[in-house]
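*Asks:* Structure for this input, please:
(one chain, ligands or ions: 1)
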Amino acid sequence: MENPLPVRELSAVRRAALAQLAAAGVPSPAADADLLACHVLRVERSELKLRELRGESFSEPQYALYASLLERRAARIPLQHLTGEGHFRYLTLKVGPGVFSPRPETETVVQLGLDFLAEQGLAAPRCVDLCSGSGAIAAALASEAPQAAVWAVELSDDAIGYTRANCEPLGVTVLHRDASALPPELHGTMDLVVSNPPYIPPNAVPREPEVRDHDPQMALYGLGEDGLQIPRAVAAEARRLLRPGGLFVMEHAEVQQESAAQLLRETGFTSVAGHPDLSGRPRSTSGRAPR
Ligand SMILES: C[S@@+](CC[C@H](N)C(=O)[O-])C[C@H]1O[C@@H](n2cnc3c(N)ncnc32)[C@H](O)[C@@H]1O
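*Replies:* Numbering: from 1, shown residues only. So this is what the prediction gives:
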């Protein structure tokens with residue numbers, strides 16, 4: 001008798017998926033093939049491996065869904081837009097079209113902020129994430145420093161729903177407004193300001209289709225010839241928000257370390273220092289508000 005529910009063996013399907021994504025130039029084809037399979041099967045990656053070892057298969061509807069997701073990923077639609085999830089530190093965040101997908105390099109920026117909070121030993125620190133997007137930084141600060149009061153600030157009408165969805169359950173106060181114009185009553189009250197603002201110059205359009213075609217323009221381009229117009233405004237606001245001795249940490253492009261340090265000094269920050277990301281690239285700069 002014919003099998004009423006045709007099935008497709010996981011390991012063979014995954015091998016073909018990897019080849020399809022690799023041929024399309026997807027930078028991490030094996031991981032993406034796995035993560036899409038996990039999304040379809042609603043399992044963790046470790047469970048996927050076990051099922052594969054046990055010789056299990058996709059059902060036909062699962063296979064059809066997987067095939068359509070692979071086709072869209074091969075068209076270089078970001079993985080996070082297909083799964084609706086972005087992983088950041090210990091969190092799984094809601095992401096999708098209209099919001100910047102959080103990146104691993106930003107995890108280091110959060111760590112610098114957390115290290116500062118730990119070193120200061122404050123009972124109830126106050127922190128702001130300027131240009132929050134998905135709210136990755138604010139949500140990570142709130143979840144890993146639960147004693148902190150955290151604000152998230154985002155201007156984009158398209159992104160703000162994601163900021164709220166990811167941050168509000170963690171008790172973060174979300175402000176839908178320009179990061180360079182916060183309520184004056186917040187000035188001088190913050191211990192820590194962290195920001196990953198848009199910083200790409202207009203003539204440095206990213207090559208990766210996932211970034212160029214799917215991250216919001218407003219999340220990428222920092223305006224001005226050097227891409228640092230928004231970072232300058234953000235740094236100036238950070239300076240107003242911080243109490244004396246407070247810390248500002250800002251992410252930037254690898255080639256912007258010197259200009260970032262200069263702009264922080266020009267804004268009045270002291271102890272300005274550059275920091276490498278996890279792969280050793282200079283991707284953030286910090287400064288202290290003068291005492
Ligand atoms: C590079 S993304 C960073 C998002 C998030 N912080 C992260 O690290 O994943 C920059 C974010 O800044 C927002 N943005 C741009 N200009 C802004 C402004 N003037 N005020 C507030 N947010 C702004 C963009 O909409 C975008 O969400």
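*Asks:* Which positions in stretch 89-96 come out as buried?
*Replies:* 89, 91, 93-96 (16 or more other C-beta atoms under 10 Å). The C-beta positions use only the backbone N, C-alpha and C, and glycine is treated the same way.
*Asks:* Leaving out chain neighbours, which residue sits closest to whichever residue of the stretch 51-200 of the chain sits closest to the ligand?
*Replies:* In the stretch 51-200 of the chain, the residue that lies nearest the ligand is G133 (2.6 Å; C-beta to the nearest ligand atom). Leaving aside its chain neighbours, G133 sits nearest to F100 (4.2 Å; criterion: C-beta to C-beta, 6 or more residues apart in numbering).
*Asks:* Tell me the confidence at the one you found?
*Replies:* pLDDT for F100: 97.
*Asks:* would you say it is within a helix?
*Replies:* No. Applying DSSP: H, G, I helix; E, B strand; the rest coil, one finds F100 to be coil, outside a helix.
*Asks:* tell me the two of the buried residues of stretch 89-96 that are most distant?
*Replies:* Spatial extent of the buried residues of stretch 89-96 (C-beta to C-beta) is set by the pair R89 and G96 at 19.5 Å.
*Asks:* any idea which helix or strand carries the residue of the stretch 51-200 of the chain closest to the ligand?
*Replies:* According to DSSP states H and E, G133 maps onto no helix or strand at all.
*Asks:* Test my guess that it contacts A219.
*Replies:* Yes. G133 lies in contact with A219 (C-beta atoms under 8 Å); the separation is 6.0 Å.
*Asks:* buried stuff in stretch 196-215?
*Replies:* Those would be 196-201, 210-211, 214-215, for stretch 196-215 by 16+ other C-beta under 10 Å.
*Asks:* next one: stretch 244-261
*Replies:* Those would be 246-253, 256-257, 259-261, for stretch 244-261 by 16+ other C-beta under 10 Å.
*Asks:* same deal with stretch 272-285?
*Replies:* The neighbour-count check on stretch 272-285 (16+ other C-beta under 10 Å) flags 272, 274-275, 277, 282-285 as buried.
*Asks:* Lowest-confidence entry in those?
*Replies:* D277 (93).
*Asks:* That residue contacts L112, correct?
*Replies:* No. With contact defined as C-beta under 8 Å, D277 does not count as touching L112 (10.5 Å).
*Asks:* Spit out the residues that contact those two alike.
*Replies:* Common contacts of D277 and L112, defined by C-beta atoms under 8 Å, 6 or more residues apart in numbering, comprise S284.
*Asks:* just to revisit the earlier point, if I pick the residue nearest to G133, what's in contact with it?
*Replies:* Contacts for F100 (C-beta under 8 Å, 6+ apart) come out as 133-134, 159, 215-216, 219-220.
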